[in-house]
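> Need coordinates for the below:
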Amino acid sequence: VGSTLSSGSSGINAEYGETFQHYFKRINLRMNNLTSRANVILANSLSVLAICAGLLFITTIHIPVQPEFEIKINKAEVRHQPDHMSGRREYLDLALINYNLAVDMRESFHWNVKMIFLYLVAEYTNEDNSVNQVVLWDKIVMRGDNPLVDVKNLRTKYSFFDDGSHLRGQVVRLSLHWNVVPNAGLLPNTRGSQFISQVLPSSYTY
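Got it, this is the predicted structure:
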């Protein structure tokens, strides 16, 4: 009788074991199917996004972003004062420029332009350096913002310090630059073809 019970329990255990194995195989098969489908959906979605981004870039690569702008200098001064920003307390030339700036970007925001970063640059040469560039003002214009910039009697946003005493009587050229941040594609850095030159005063203002 004992052997009969033992053989019967063994058969039941084997039957349950086969049932559990079959059940887990079905679960694994379903999980594999779900994972495969998710991978296919993700790969197809990324492919579609890549194609859309490529088309967006190709259809706008030939469209230039050229804002119309006008710069007018109202007043310029040169002072000789310590540079407290560097911590060295050296006396350097500081130019103070008052100007008007008008920029029209209404035709610049096509469907692949997300943001335009504008900045005004002062450029000059001296005996120590063949090229000196100082950013005087900047502004970020997002899509949906007012595309017209019209400021009057604007003072330099950032200090126009020389690295010595070379600004008196110096010829300074102001030009507008901009970076275009697209939705897809390159990040061009453009310098406007227009500029304005100004001869700084030959004596210091106190």
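> for the closest residue to residue 109 other than its chain neighbours, what are its contacts?
Leaving aside its chain neighbours, residue 109 sits nearest to residue 143 (5.7 Å; criterion: CB to CB, 6 or more residues apart in numbering). C-beta: built from backbone N, CA, C; applies to glycine. Residues in contact with residue 143, defined by CB atoms under 8 Å, 6 or more residues apart in numbering, are 109, 113-115.
> pLDDT value on residue 143, please?
As predicted, residue 143 sits at a pLDDT of 93.
> backbone phi and psi for residue 46, please?
Here is the backbone geometry of residue 46 (degrees, to the nearest 10): phi -60, psi -40.
> how close does it sit to residue 160?
48 Å (CB to CB, to the nearest Å).
> Can you point out the buried residues in the helix or strand containing residue 95?
Element membership for residue 95, per DSSP states H and E: strand 91-104. Buried residues in strand 91-104, counted by 16 or more other CB atoms under 10 Å: 92-95, 97, 99, 101, 103.
> now swap in stretch 168-179 and tell me
170, 172, 174-179.
> for stretch 75-83, same thing?
Neighbour-count burial for stretch 75-83, counted by 16+ other CB under 10 Å, picks out 76-78, 83.
> ditto for stretch 135-143
Within stretch 135-143, the residues that count as buried by 16+ other CB under 10 Å are 136-137, 139, 141.
> Is it possible to get TSV of those residues that adds distance to residue 71?
Shown next, in TSV, are the buried residues of stretch 135-143 (distance: CB to CB, whole Å):
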residue	distance to residue 71
136	10
137	10
139	14
141	17
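> sorry, back to before: between the buried residues of stretch 168-179, which is closest to residue 205?
Ranked by distance to residue 205 (CB to CB), the buried residues of stretch 168-179 are led by residue 170 at 14.4 Å.
> Grab the nearest non-local neighbour of residue 156.
Nearest residue to residue 156 in three dimensions, chain neighbours excluded: residue 136, at 4.6 Å (CB to CB, 6+ apart).
> doesn't that neighbour fall inside a strand?
Yes - assessed with DSSP: H, G, I helix; E, B strand; the rest coil, residue 136 lies in a strand.
> Which pLDDT does the model give the nearest residue to residue 162 once chain neighbours are set aside?
Leaving aside its chain neighbours, residue 162 sits nearest to residue 93 (4.2 Å; criterion: CB to CB, 6+ apart). Residue 93 is assigned 94 on the pLDDT scale.
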